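**Student:** any chance you can model this:
(one chain, ligands or ions: 1)
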Amino acid sequence: MPSVSHLYQEMQAFFAPLWPGEDKPLVFGEGNAANPPLMLIGEAPGETEVIKRRPFVGKAGKNLDEFLTLMDMKREEIYISNVVKIRPTEVGPTGRTRNRAPSKEELALFTPFLLREIALVKPKVLVTLGNVPLKALINKKITIGDCHGTLMETPSGVPLFALYHPASIIYRRALLPVYEGDVLTLKELMQKGKLTFEPR
Ligand code: URA
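**Tutor:** All right, here's what the predicted structure looks like:
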């Protein structure tokens, strides 16, 4: 039986030779990989995630805790992953390494593995944070501003609920009540067992 750990071994073998000499560790998904109520998908790991080799720890972990509190759920109940499993970095003007958005090439390399990960985990709903996972799973043209807080159909057959990325709320405080309202909409849909697609 294929499992996510087999998939991760395959990814390790596939990606290791791609960037010889560069330190680009993969940060895999974690949590309940057996038909969880929800699979949360972020963009890519950051610095703390790479150090700990775990998704959504550090600052992003705090955002995740707030999400879980609103949802009345525990971290172990859900599955947590990212589209891109390496930390995309660049050197900033001060010479310090900083995060950057994943490149087209990185997205093209990692998205097929994400689709396989979803097929193995079989969550009841996919919850994407921000534009990157949304565009990877639905299509390139859709944007979070158009569809946050609604359930959408995906080619994988698993419904997708789009949320703003909590990190974007730090820069746009007006989004906080929108984000929280969307999380409560998701909670209600899940509690009522209404994870069916809405016509768009
Ligand atoms: N950490 C993650 O693992 N994913 C994100 O999208 C942001 C921070």
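
**Student:** residue contacts, the residue of the chain at minimum distance from the ligand?
**Tutor:** Residue nearest to the ligand within the chain: residue 42 (2.7 Å; C-beta to the nearest ligand atom). Heads up, the C-betas are built off the backbone N, CA and C, glycines and all. The contact partners of residue 42, taken as C-beta atoms under 8 Å, 6 or more residues apart in numbering, are 55, 56, 60, 80, 81, 82, 83, 129, 130, 132, 133, 165.

**Student:** any idea whether the second one is helix, strand or coil?
**Tutor:** Three-state call for residue 56 (DSSP: H, G, I helix; E, B strand; the rest coil): coil.

**Student:** quickly note the distance from the closest residue to it other than its chain neighbours to residue 129.
**Tutor:** Distance criterion C-beta to C-beta, 6 or more residues apart in numbering; nearest residue to residue 56, sequence neighbours excluded, is residue 64 at 4.5 Å. Distance from residue 64 to residue 129, counting by C-beta to C-beta, to the nearest Å: 9 Å.

**Student:** now do the shared contacts for the two.
**Tutor:** Joint contacts of residue 64 and residue 129 (C-beta under 8 Å, 6+ apart) are 40, 166.

**Student:** neighbour-wise, which of those two wins?
**Tutor:** Comparing residue 64 with residue 129 by other C-beta atoms under 10 Å, the one with more neighbours is residue 129, at 26 against 20.

**Student:** wait, what's in contact with the more buried one?
**Tutor:** Neighbouring residues of residue 129 by C-beta under 8 Å, 6+ apart: 40, 41, 42, 43, 163, 164, 165, 166.

**Student:** let me know the outermost residue of the chain.
**Tutor:** residue 94 (29.4 Å; C-alpha atoms, centre = their mean).

**Student:** re earlier: pLDDT-wise, what's the bottom of the contacts of residue 42?
**Tutor:** Lowest pLDDT among these: residue 60, with 88.

**Student:** leaving out the residues flanking it, which one is nearest to it?
**Tutor:** Excluding the flanking residues, the one nearest residue 60 by C-beta to C-beta, 6+ apart is residue 46, at 6.4 Å.

**Student:** tell me how many other residues crowd the one you found.
**Tutor:** Counted with other C-beta under 10 Å, residue 46 comes out at 23.

**Student:** which SSE is immediately downstream of the helix or strand bottoming out on mean pLDDT in the chain?
**Tutor:** In the chain, no helix or strand scores lower on mean pLDDT, DSSP states H and E than helix 166-171, which sits at a mean of 86. The helix or strand immediately downstream of helix 166-171 is helix 175-191, counting by DSSP states H and E.
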